[in-house]
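Q: Quick one: sequence plus predicted model below, questions after.
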Amino acid sequence: MADRYYKGLRDLIEALDRKGKLVRVSVPIIKETELMPLVKLQFRGLPEEERKGFLFDNVVSVTGRKYDASVAVACLAGSREIYAIGLGCEVGEINERWVQAQLSPHKPVLVASAPCQEVVHLGKELEEEGLDILPVPVNTPGFAGVIRTTASHVFTKDIETGVQNIGCYGGKFIDRNIIGLAIAPTHHGTIHWMKCKERGMPMQAAIVVGAPPSVAYVSVTNLPYGTDELDIAGGLQRTPVEVVKCKTVDLEVPAHAEIVIEGEVSTERRVGGASFGEYTGYMCTGEGKKDYYMKVTAITHRKRPIHSVYLSQFPPSESSKSVQIGMEGAYCKHLRHDCNIPGILEVVWPESGGGRQICIIRMKKRNPSEVWQALSGANAFSASEGKIIIAVDEDIDARDPDAVNWAMTFRMQPHRDLHVIRGKTGGLDYSAYRPGSDREEQRYPEGRGSSALLIDATLKWPYPPTSLPKKEYMERAQELWKELGLGPLKLKSPWYGYNLGFWTKNDEENAEFIVKGDYRAVGKKLLKIT
């Protein structure tokens, strides 16, 4: 694949179409009841490599309303391959692209005019139509109690430093010009809001929908506070992101975005919550929830915009895939460079943990202490991510649950290699508190916080070889497999035997006798043992 970048979402969609990774739906699809269930089927019934992005060109409401807009789902991170297309690189290059983007960021370039402001809605229009012009689908029909944006990249600013932040926060439609912003206490947007509250002023915000791929990817990734994610987005695409000033708020947003919703977030008033699905695989009840009150001051968009949606909720999903890949790049850079552990080879966040709560660190350790340095460093990166953090050796495929379970079973002793740490936030994890608990209990359960389990599943001393045929014999077996026409193979690692340090010269000699057909030579040696 040629190394390239996409200025906007529609450029990516065209690339997906060319590569056979897009499903175009032109028949009428009801956004409240039909759209998301249709896409969800592939996440419940197809392997990841067969997933595609969906583009709906004929979206209607259950009330009969038609929209002069399209809806894109799973076009950003429906699979690791789709994500790689979005970055303009090969799948195997994603992690290093993320590491280098943080080491070599590109600051955005300001332009005077932009496609995202081809159409501008202000004033009375917002009261009469406003948010109703957007074809926002319902993610979990039958359970969701609110219309909610998902791939909504919220721009806010630190009023002390002027540095912008991008966070992927859900936007719940309250009225035609009112949005309830769901910003968690641990998110950087909350820090911006608190600084505004201290000064008795509202917080300005801009919700970008249909962002360029690189911007979408950084918005769901936890980066250190004070980092301008637009700089990292420029690093991801290896060229600066073009930005334009908003019409009614003092923020700069991607010039090639599809839709921008500008507004002011009150620091005095909140709005109630309603049920919605979350990445944990469970619904969040609206009881006791309060969101930030955002008054919409402008809506700008391209002509016939594309409303981008993350297929979220039950893992695996598009949101868990996007979070997973971004977290892997951020943590790999953090551990390898910031924590000074050069032996970090890979950091994996499986989708089964929502891309946020199970972390596997594959490493080549120089000494045993580096394992605990890596485990502690990963735990310290975020108060809300990393419930189970596992370190494995370089020979373990960190993306294969069977391989990780093998390491956990036979390279770890619970009394010696486990450590539990308190002090994490409760987040959305119902195992930490009962549904319906008060907000403080959810933030910091039992007054001591939730916990993280750190596991050293690396080898502590030399082991005998893995009990598989040597590589040369397995390679010959593959040749025979092809000759017999037995179909394609997808080999799991390890697929051949290798030495792990504890293997005697006598063991090696005996094995050589056996493959030469001379078992009696071994027998003579064994008869001498009394």
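A: Good, I have the coordinates. Numbering: from 1, shown residues only.

Q: How about the secondary structure of Val404?
A: Three-state assignment for Val404 (DSSP: H, G, I helix; E, B strand; the rest coil): helix.

Q: One more: Lys295?
A: Here Lys295 is recorded as strand under three-state DSSP.

Q: Quick check: it touching Ser266?
A: Yes: counting by Cβ atoms under 8 Å, Ser266 is a contact partner of Lys295 at 7.1 Å. No exception for glycine: its C-beta is placed from N, CA and C like everyone else's.

Q: burial measure for Tyr5, as a count.
A: Other residues lying near Tyr5 total 20 when counted by other Cβ atoms under 10 Å.

Q: dump the residue contacts of it.
A: By Cβ atoms under 8 Å, 6 or more residues apart in numbering, the contact list for Tyr5 reads 87-88, 213-214, 237-239.

Q: separation between it and Ala274?
A: 38 Å (Cβ to Cβ, to the nearest Å).

Q: Likewise for Asp175?
A: 13 Å.

Q: which of the two has more neighbours?
A: Ala274 (19 against 15).

Q: Tell me if that one really is in a helix.
A: No: counting by three-state DSSP, Ala274 falls outside a helix, being coil.

Q: Could you double-check that it lies in contact with Gly145?
A: Yes: at 3.8 Å, Ala274 counts as touching Gly145 under the criterion of Cβ under 8 Å.

Q: how about the nearest residue to Gly377, chain neighbours excluded?
A: Nearest residue to Gly377 in three dimensions, chain neighbours excluded: Cys339, at 4.1 Å (Cβ to Cβ, 6 or more residues apart in numbering).

Q: who touches that neighbour in this structure?
A: Applying Cβ under 8 Å, 6+ apart to Cys339 gives the contacts 373-374, 377.

Q: most neighbours, which of these?
A: Counting neighbours by other Cβ under 10 Å, Ala374 leads these with 26 neighbours.

Q: For the helix or strand that one falls within, list every residue counted as buried.
A: Per DSSP states H and E, Ala374 falls inside helix 368-381. Judged by neighbour count (16 or more other Cβ atoms under 10 Å), helix 368-381 contains these buried residues: 370-371, 373-375, 377-379, 381.

Q: So the residue nearest to the spatial centre of the chain: helix, strand or coil?
A: For the chain, the residue nearest the mean C-alpha position is Val323 (0.9 Å; Cα atoms, centre = their mean). Following three-state DSSP, we place Val323 in the helix state.

Q: so what's it closest to, chain neighbours aside?
A: Spatially, and ignoring its direct neighbours in sequence, Val323 is nearest to Gly355 (3.8 Å; Cβ to Cβ, 6+ apart).

Q: Over to the nearest residue to Lys107 once chain neighbours are set aside: give its phi and psi.
A: Counting by Cβ to Cβ, 6+ apart, Lys107 lies nearest to Asp231, which is 5.5 Å off, once chain neighbours are set aside. Note on Asp231: its backbone torsions stand at phi -60, psi -40 [degrees, to the nearest 10].

Q: ok, how many other residues are close to Asp231?
A: Asp231 has 21 neighbouring residues, counting by other Cβ under 10 Å.

Q: Wait, it touches Leu103, no?
A: No: using Cβ under 8 Å, Asp231 makes no contact with Leu103, being 11.5 Å away.

Q: coming back round to it: ok, how many other residues are close to the residue nearest to Val323?
A: As a burial measure, Gly355 scores 27 neighbours (other Cβ under 10 Å).

Q: Quick check: which element contains it?
A: Judged by DSSP H and E, Gly355 forms part of no helix or strand.

Q: Tell me the spacing between it and Ile82.
A: Between Gly355 and Ile82 the computed distance is 15 Å (Cβ to Cβ).

Q: same deal with Asp158?
A: On the measure of Cβ to Cβ, Asp158 and Ile82 end up 33 Å apart.

Q: And for Lys21, nearest residue in space, chain neighbours not counted?
A: Closest to Lys21 by Cβ to Cβ, 6+ apart is Lys52, at 5.1 Å.

Q: Could you do Glu385 as well?
A: That would be Arg356: by Cβ to Cβ, 6+ apart, it lies 4.8 Å from Glu385.

Q: The one you found reaches Ala330, doesn't it?
A: No: using Cβ under 8 Å as the test, Arg356 is too far from Ala330 to be in contact (11.8 Å).

Q: What's the local residue count around the residue nearest to Gly497 when sequence neighbours are not counted?
A: Of all residues not flanking Gly497 in the chain, Leu468 sits nearest, at 3.9 Å (Cβ to Cβ, 6+ apart). By other Cβ under 10 Å, the residues close to Leu468 number 13.

Q: just Tyr279 next, same as before
A: Neighbours of Tyr279 under the rule other Cβ under 10 Å: 22.

Q: Let me see the confidence value for it.
A: Looking at Tyr279, its pLDDT reads 81.

Q: Tell me the spacing between Ala206 and Leu489.
A: The spacing between Ala206 and Leu489, counted by Cβ to Cβ, is 49 Å.

Q: Among those two, which residue is more densely surrounded?
A: Using other Cβ under 10 Å, the more surrounded residue of Ala206 and Leu489 is Ala206, with 27 against 11.

Q: Assign the more buried one to helix, strand or coil.
A: Following three-state DSSP, Ala206 is assigned to strand.

Q: Surely it touches Thr248?
A: No: with contacts counted by Cβ under 8 Å, Ala206 stays clear of Thr248, the gap being 9.2 Å.

Q: Overlap in contacts, those two.
A: Both Ala206 and Thr248 are contacted by Glu262, under the criterion Cβ under 8 Å, 6+ apart.

Q: can you give me the helices in the stretch 201-350 of the chain?
A: In the stretch 201-350 of the chain, the helices defined using DSSP state H, counting those that start in this stretch lie at 213-219, 229-237, 318-333.

Q: How much space separates Arg238 from Val220?
A: Here the criterion is Cβ to Cβ. By it, Arg238 lies 20 Å from Val220.

Q: Mind checking which of these two has more residues around it?
A: Between Arg238 and Val220, Val220 has the larger neighbour count (other Cβ under 10 Å), namely 26 against 18.

Q: The nearest residue to the more buried one once chain neighbours are set aside bridge partners, please.
A: Take Val220 and drop its neighbours on the chain: the residue closest to it by Cβ to Cβ, 6+ apart is Cys168, 4.5 Å away. Beta bridges link Cys168 to His153, judged by DSSP bridges.

Q: Isn't Cys168 up against Ser152?
A: Yes: the criterion here is Cβ under 8 Å, and Cys168 meets it with Ser152 at 6.7 Å.

Q: Can you report how many residues neighbour Gln414?
A: One correction, residue 414 is Pro, not Gln. By the criterion of other Cβ under 10 Å, Pro414 has 8 neighbours.
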